[in-house]
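A.B. asks: here is a sequence with its predicted model. Questions after.
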Amino acid sequence: MKPLMLVLVSGLFITTLSAQKKEATPVAAQAAFQKAYPGATKVKWGREDADYEVNFTAGGKELSAVYDASGTLKETEEDIRTAELPAPVAAYIKQHYKGASIKEAAKITRAGGEVNYEAEVNKTDLIFDKEGNFIKAVKD
């Protein structure tokens, strides 16, 4: 009986520790998201540095949004077809990543309205401005 009790107590302790590690998304961020995307489905929250990222589907599109703890929207990201990237993006990749293909593409809209594009190549996110000029590379 003692070994069974020890197993049960150990399991409860591990479960409690696991629950404590998982941080809840602030109510303000959740409320701002629900107001902006009331019909969203496949909603999944996570952390992005000090902020909170939510991945979801809305209007038949795969999207994500980043909120701070007070519920202020910082940016949205929409998955797009590679053909929707500005033409200079393909030229840049062809020149700097010979033979590589774009695995994923996205349009990023910052809270102030600034638009950037992201192209994933060789496990690296390449960031471009709205005209397709290269800004930076970020390793995944």
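C.D. replies: Yes, it's here.

A.B. asks: you'd agree Ser101 is in a strand?
C.D. replies: No. Ser101 is assigned coil when assessed by DSSP: H, G, I helix; E, B strand; the rest coil, not a strand.

A.B. asks: that one contacts Asn122, correct?
C.D. replies: No. Look at Ser101 against Asn122 with Cβ atoms under 8 Å: they stay out of range, at 9.3 Å. Glycine gets a C-beta too; all of them are placed from N, C-alpha and C.

A.B. asks: between the two, who's got more neighbours?
C.D. replies: Shown here are Ser101 and Asn122; by other Cβ atoms under 10 Å, Asn122 has more neighbours (14 against 11).

A.B. asks: contacting residues for the nearest residue to the more buried one once chain neighbours are set aside?
C.D. replies: Leaving aside its sequence neighbours, Asn122 sits nearest to Ala100 (Cβ to Cβ, 6 or more residues apart in numbering; 5.4 Å). Applying Cβ atoms under 8 Å, 6 or more residues apart in numbering, we find Ala100 in contact with 93, 121-122.

A.B. asks: same list, those residues, but as JSON lines with secondary structure and distance to Gly113 please.
C.D. replies: JSON lines is the format used below for these (DSSP: H, G, I helix; E, B strand; the rest coil; distance: Cβ to Cβ, whole Å):
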{"residue": "Ile93", "secondary structure": "helix", "distance to Gly113": "26"}
{"residue": "Val121", "secondary structure": "strand", "distance to Gly113": "26"}
{"residue": "Asn122", "secondary structure": "coil", "distance to Gly113": "30"}
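
A.B. asks: and of those, the nearest to Trp45?
C.D. replies: Nearest to Trp45 among the contacts of Ala100: Val121, at 27.8 Å, using Cβ to Cβ.
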